[in-house]
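Peer 1: Show me how the following folds:
(chains A, B, C and D)
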Amino acid sequence: MSTLEIDRARKLYGELEVLKEVSISIGTGDFLVLLGPSGCGKSTLLNMIAGLEEISGGEIRIAGKVVNDLSPKDRDIAMVFQSYALYPTMTVRQNIEFGMKIRGVPQAERDKAVKTAADLLQMTHLLNRKPSQLSGGQRQRVAMGRAIVRQPKLFLFDEPLSNLDAKLRVDMRTEIKRLHARLGTTIVYVTHDQIEAMTLATRVAVMKDGVVQHLDDPQSVYDRPANVYVAKFVGSPSMNIIPAKLEVKEGRAVAVIDIPGAAPTELAGIPVSSQAAAKYAGRRVLVGIRPELFSLAGAQSAQKLSVNIDVVEPTGPDTLALFQAGGVEVTARVPPRAVAARTPATLAVDTAKIVLFDAETEQRID
Amino acid sequence: MTNLKRMLLAAALGLPFAGQAMAQTKIEGLHVWTSASEVGALKVITDKLKTMGFEWQDSAVGGANGANAQQALRTRVAAGNPPAVMQFLGFEGLGWAKEGVLRSLNDLYAKNSWKAALPPVMLQFLEQDDSFFSTPINMHRQNWVWANKAVFDKAGIAIPTSWDELIASAEKLKAIGVTPIAMSDESWQIEELFESMLIDVNGPDFYKKAAIDLDETALSSPEMIKTFELLGKVRGLHDAGFTGRDWAAATNLVANGQAGMQIMGDWAKGEFLAKGMKPGVDFLCFPTPTATPNYKFVFDTFGGFKIDNGDIAKGQDAVAEAIMDPEVQKKFNLIKGSIPARLDVPMDDFDDCAKRSFSDRVAAIKDNAIYGSLTDGFAVEPRFSGVFQDVVGKFFVTDMSAEDAVKSLVDGINNAR
Amino acid sequence: MSRPTPLSNRIEHWLPRLVLAPSLLVVLVAVYLFICWTGWISLSSSMIVPKYDFVGLNQYVRLWSTPRWHTAVFNLFVFSTLFLALTTGLGLLMAILLDQKIRVEGTLRAIFLYPMALSFIVTGTAWKWILNPALGVQKVINELGWTSFVFDWIAQPTFAIYCVVIAAVWQSTGFAMAIFLAGLRGIDNSVIKAAQIEGASLPRIYRTIVVPMLRPAFLSVIVLLSYIAIKSFDLILALTNTGPGSATEMPSTFMYSATFRRDQMGVGAASAMMMLMTVAAIIVPYLYSELKESRDGH
Amino acid sequence: MATNAASLATSSTPLATNARSFRRQHRIGRAVIYGSLFFMAAFYLMPLWVMITTSVKHLDEIYAGSFIGLPQQISFDAWRTAWSEACNGTACKGLKPYFINSLLLTIPAVIMSTGIGAINGYVITKWRFPGSNVIFGLLLFGCFLPFQAVILPMAQTLGILGLAGSLPGLVLVHTVYGIAFTTLFFRNYFVSIPDELVRAAKIDGAGFIRIFVSIMLPAALPIIVVSCIWQFTQIWNDYLFGASFTAGENAPITVALNNIVNVSMGRKEYNVDMAAAMIAALPTLFVYVVAGRYFVRGLTAGAVKG
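Peer 2: As a prediction, this is how the structure comes out:
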């Protein structure tokens, strides 16, 4: 049985449809990340799961139980907010035990739960402070502690790291991951940061305009994005989307890319079914190539591109080389000092990992 | 403390105070009297009432020339909670009587033959549709001049016999460094001056036509323009500090010798008496100068609202009887400075000013020269007297011409009709 | 959804509306119904007590043919403009001066704030004396040797309204100051520091950076001061009693005297309706923008 | 905290000569600031000075024309008279009973209007529903109602409710017309409290009332102070409603004060008037002076993001 099932959930604000029949299902112990830019509906969806927003259509089930009309407190969930939402007039201890107090949990039990959570999050020394006396990271911990003591079926995180500075964000990210591993709880996590999604999730739902564009495990989303939008949103630098012409030679798909100052280059070995290849033969398509699929061409390299490098951006472990192909700027990730700006280079491409997209619908061609 | 507790309890429960309903022998009276002499005079009535078995419950609302009290009365009538007894001046009572909310006192009037005891000119303010609704306690004379005798002597001024003479004497007062006329820029105080001129210069008949009948020809006549011109001559005869001054402060200027005279009703007398000054010796009281003797009056009455409660009705009757008691009228007016409403009260104990007022009244009644004061609401209904006050007040403090003043007076009266 | 909802949920759903309902009901009656009532009276021939007949717009015609009403409207305009401008300006100046680490700030703040605590029923007489040329400021300065000094506005029909402005400004500046001071305390110091490093002078920093950041404070000040300006009733009564010669008449005092002194309830109601319309013309657009803003915010 | 702008200017100037001229400018600047502040303070204290000196002067001295100067003799008789002997009509009990009336009416009216305003502001900001903004707009317009226009219908309503002429009736009127402002105060304050706080509390299982009592009210302390001060001043100083809706011994202090001060015909006792005025003003003065600090702080808390 799935811990969370979202079944054709819709959300309407008057005439405006902000969520269009979203269906997602995750199992126990899953870490679902709702990923997308602001306004894509991810927070709305999270609030609908939490019961903070009404569900306009469809169903949401938690542990098999329809929760559409249940108030938040009856849904067996806990939530961590972007601003932490700590009660300003209460101490850390009071913040953590507030929910238990409302449920009528006896004092002794509350103390125990607070202690456990505080130990787990290493904040025992903060228990008697007010939120205003805490740093951002400490507040974050308290917010998590407040969620943990509930021992819910489902944890909800609403961009919990976005108010922290870069260093702290990485630390807390790891901590959340560790917590997930240790507690084994099911988590729904909203973020616009694709790295958080990649590092934390077991399942990622990339959203745009109230529609789930792609729902899969992070690696699959990264490798085989469902459409150009997902391809560009996930990964940094993002996937190169190069216009090309698809031809079929000897029953295999070949993408023909225009390179300025050189003959059109053919890339063979693209993983696409023969039916699709036949369907798109002779038509324009979009070729998706992750920057790291490029490498310096060696003698044995099968698929090569001869290009003129415009700009070189060293990042330390490797260098980003920018060049023109198919009328767009393409980024390649190559070893440091492998190429120089304003010089020609020959790059190899791992075509087995190339993804093809329909030029009109921008959907992946399988 | 128990009272406080009860109020707290009632407040907590959102209930009206129990005390409100319990006032079986209490008679509530709403009035505007708040000064010491006024209250002292009122006590004469309430003491009498006590001997008759009723307790006076006082509701005083002073200020704003009675507007505050009128507002309180209107809201209370609107709320269905009128006071048992209300003080009325001039047209105020008539308005309510027309609405049929005042209790008739005809039986008492008939039984005690009060009608005969009162000056006939008063009756029009006591009776509506053949029903007497209030009883008068006093009569003030409006058109008086109050002067400091020492100052007059020093300046060599005799009692003026005409307004021109009075205004001319101002130069003599100025010469000895005294403010000629103590007054205020309050519209009503200026109007007291104006209406005295109006009747003195043009005669009682003209006053009746213009200020009581509101005859348009009279209002726009050259006589009106002449009166305004006369008022205009008084501009500059006052001191710089006249702005916003209370009439009593003005009276004190006269009493202290800082000013020569004041034109004001006889309520001003109390100020001199309070300083131990004697009429004719230390201060002078004489009617505003005129060729045609006249008398302008102001008086206070009390009427009762119809309230469905026999005890209150008895109390209202008791108030009327107390007011009309000659002894009460005498004691009251000795304190208040006015003269009794009743014609049959002996005047022996009164001062010379009051005696003069009393005898002048008798003469004026005979000559048909007694009329109600415009300023104090005994000439025309408030919406008209207000127009007079607006125009006169504005005329005096600006450089408005007499012609313009008359024009805006006529326009204003027509607009209010 | 046709699914049956648990009772507790339905209560939770309706509770906010239920809680707001009494206030709404009370305000509908005590504000809007009463306004309608006044509107009705303004179309009737009511004089001493309300009458429920119909005389069309007669009372409005009568109202606008009354010179005193013209004075009242003109005065309201002059008074409101000056009062708002001076109180806001002076309040801001005080707040900025007090924000310069003044040693006796607490005392000064209390001094500027105390007039707000007093009613004009209380201070009217004191002001009357101070402004009176024969008793107050003019006399004191004359006695100090400057004999040609003249300050007799209160006796001048054309200037008396400015005396009302002075007293009103005196009463309300402290409140404006308190709000601005609060706003200033809320501004991040680093902004001022940054501007100082750029070499901007202190007055310039305030003019170009700090004051624009006080926009919300300005808004609250203006709402509260408009409220006070419209209600300026006991101020007039206590200070000038609409004199000299009706020169300081205001719509509120006009309405009061028409209704309660001159038995012209219909005219009074008409003037009240004119006041309400003026208020609505100013306030409704403000309310609209304010509410629209909050809708955009979510 | 305020910046000490001038000291910053000196410390950040590298050149000694510059520093000296800056310091001189600084001193002049400080002198100008203190000078203007003290000048304004003197102006603001003037009426208070007049009231206090008059209240301790002998009446003859005042009538002799001394309105502003120092008293020749100081006497507190006027204060005693005003408190316990001055006549309001024939009742010569001074201001004392009316002072108590005012307390009895102001305190419940302040508590009720503030409480209602708080919960209204809470609903309007944290439990929006379709139309809640319109309701807020409707409530807010009530702030600007000229009260003279509603006296008569209100009187009729109170009569129907059986509250005419009573203190509870006046409490009701003040509460009703106070709602607009208190709602505005709390709405503006609660808007700055993040909605997530309410969401967190909902997930913690708190309901509508629990969230209000346990979370919003404790966080609203500064604005409660502001609202109470505002309402206290408004209600305590009200004259119009007091004169309209109470009678006789139920009158609030402003009505009694007006009766003492506004003598229609009769000698004015200016010293007693001023003493009475001071007595009537004491509670509000006390509230401002004692709570003034919290007042500014409360306004600050409203302006700064929590």
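Peer 1: Please identify the buried residues of stretch A:20-38?
Peer 2: For stretch A:20-38, the neighbour count (16 or more other C-beta atoms under 10 Å in any protein chain shown) marks A:20, A:22, A:24, A:26, A:30-36 as buried. From N, CA and C alone the C-beta is placed, and that goes for glycine too.
Peer 1: One more: stretch A:45-55?
Peer 2: Those would be A:45-53, A:55, for stretch A:45-55 by 16+ other C-beta under 10 Å.
Peer 1: Also stretch B:264-278?
Peer 2: Under 16+ other C-beta under 10 Å, the buried positions of stretch B:264-278 are B:264-275, B:277.
Peer 1: picking that back up, can you narrow the buried residues of stretch A:45-55 to ones near chain D?
Peer 2: Contacts with chain D within the buried residues of stretch A:45-55, counted by C-beta under 8 Å from any C-beta of the partner chain: A:47, A:50-52.
Peer 1: So which of these is the closest to A:I309?
Peer 2: Set against A:I309, the nearest of these by C-beta to C-beta is A:N47 (47.4 Å).
Peer 1: Pull the number of nearby residues for whichever residue of chain B sits closest to chain D.
Peer 2: Nearest to chain D in chain B, going by C-beta to the nearest C-beta, is B:S35, at a distance of 2.1 Å. Neighbour count for B:S35, taken as other C-beta atoms under 10 Å in any protein chain shown: 23.
Peer 1: Ok, D:R27 next?
Peer 2: 11.
Peer 1: Just the pLDDT for it.
Peer 2: For D:R27, the model assigns a pLDDT of 83.
Peer 1: Which elements pack onto the helix or strand containing it?
Peer 2: Element membership of D:R27 [criterion: DSSP states H and E] is helix D:16-55. When contacts are defined as 3 or more C-beta pairs under 8 Å, 6 or more residues apart in numbering or on different chains; DSSP states H and E, helix D:16-55 sits against helix C:67-98, helix C:105-117, helix C:120-131, helix C:160-185, helix D:5-11, helix D:270-303.
Peer 1: Could you rerun that using 6 Å?
Peer 2: With contacts taken as 3 or more C-beta pairs under 6 Å, 6 or more residues apart in numbering or on different chains; DSSP states H and E, helix D:16-55 sits against helix C:105-117, helix C:120-131, helix D:5-11, helix D:270-303.
Peer 1: near chain D, which residues of chain A show up?
Peer 2: A:52, A:72-73, A:79, A:81, A:83, A:85, A:87-89, A:98-99, A:102-103 (C-beta under 6 Å from any C-beta of the partner chain).
Peer 1: Spatially nearest residue to C:L131 (excluding sequence neighbours)?
Peer 2: Spatial nearest neighbour of C:L131, excluding adjacent residues (C-beta to C-beta, 6 or more residues apart in numbering or on different chains): C:I154 at 4.3 Å.
Peer 1: wait, isn't the one you found in contact with C:Y162?
Peer 2: No. The criterion here is C-beta atoms under 6 Å, and C:I154 misses it with C:Y162 at 9.0 Å.
Peer 1: neighbour count winner among those two?
Peer 2: Ranked by neighbour count (other C-beta under 10 Å), C:I154 and C:Y162 place C:I154 first, with 30 against 17.
Peer 1: For my notes, confirm that one occurs in a helix.
Peer 2: Yes. Counting by DSSP: H, G, I helix; E, B strand; the rest coil, C:I154 is found in a helix.
Peer 1: Distance of whatever residue of the stretch 51-200 of chain C ends up closest to chain B relative to D:S55?
Peer 2: Using C-beta to the nearest C-beta, the single residue of the stretch 51-200 of chain C nearest to chain B is C:A134, 2.5 Å away. As judged by C-beta to C-beta, to the nearest Å, C:A134 and D:S55 stand 21 Å apart.
Peer 1: Can you pick out the residue with more neighbours from the two?
Peer 2: Neighbour count, other C-beta under 10 Å: between C:A134 and D:S55, D:S55 has more, with 25 against 19.
Peer 1: picking that back up, measure the residue nearest to C:L131 to A:A268 for me?
Peer 2: When distance is defined by C-beta to C-beta, C:I154 is 100 Å away from A:A268.
Peer 1: From the contact counts, what lies against the helix or strand hosting B:A110?
Peer 2: Using DSSP H and E, the element containing B:A110 is helix B:106-112. On a contact count with 3+ C-beta pairs under 6 Å, 6+ apart, helix B:106-112 meets strand B:131-132.
Peer 1: what lines up beside the strand it packs on in the sheet?
Peer 2: Taking DSSP bridges as the criterion, strand B:131-132 sits next to strand B:127-128 (antiparallel) in its sheet.
Peer 1: What is the neighbour count of the closest residue to A:D350 other than its chain neighbours?
Peer 2: Leaving out its chain neighbours, the residue that sits closest to A:D350 by C-beta to C-beta, 6+ apart is A:L293, at 4.5 Å. Neighbourhood size, A:L293 [other C-beta under 10 Å]: 20.
Peer 1: May I have the residues that are in contact with A:L293?
Peer 2: Taking C-beta atoms under 6 Å, 6 or more residues apart in numbering or on different chains as the contact definition, A:L293 lies against A:349-350, A:353.
Peer 1: Find the centremost residue of chain D, please.
Peer 2: D:T233 (2.6 Å; C-alpha atoms, centre = their mean).
Peer 1: Hmm, D:T284 and that one touching each other?
Peer 2: Yes. Using C-beta under 6 Å, D:T233 makes contact with D:T284 at a distance of 5.2 Å.
Peer 1: Touching both of those two, which residues are there?
Peer 2: When C-beta under 6 Å, 6+ apart defines a contact, the residues bordering D:T233 and D:T284 alike are C:A117.
Peer 1: Point out the other helices and strands that the one helix or strand D:F181 maps to packs with.
Peer 2: According to DSSP H and E, D:F181 maps onto helix D:167-191. Judged by 3+ C-beta pairs under 6 Å, 6+ apart, helix D:167-191 is in contact with helix D:96-126, helix D:132-141, helix D:221-237, helix D:240-245.
Peer 1: Please name whichever of those is nearest to B:K208.
Peer 2: Minimum separation from B:K208 across the helices and strands packed on helix D:167-191 (C-beta to C-beta) falls at helix D:240-245, 36.5 Å.
Peer 1: That closest one near chain C anywhere?
Peer 2: No. Helix D:240-245 stays clear of chain C (C-beta under 6 Å from any C-beta), getting no nearer than 7.0 Å.
Peer 1: pLDDT averaged over that helix, what's the number?
Peer 2: In this model, helix D:240-245 has a mean pLDDT of 86.
Peer 1: ditto for stretch C:143-159
Peer 2: Average pLDDT, stretch C:143-159: 87.
Peer 1: Downstream of the one helix or strand B:A150 maps to, the next helix or strand is which one?
Peer 2: Using DSSP H and E, B:A150 sits in helix B:149-155. Next in sequence after helix B:149-155, counting helices and strands by DSSP H and E, comes helix B:163-175.
Peer 1: Perfect, that will be all.
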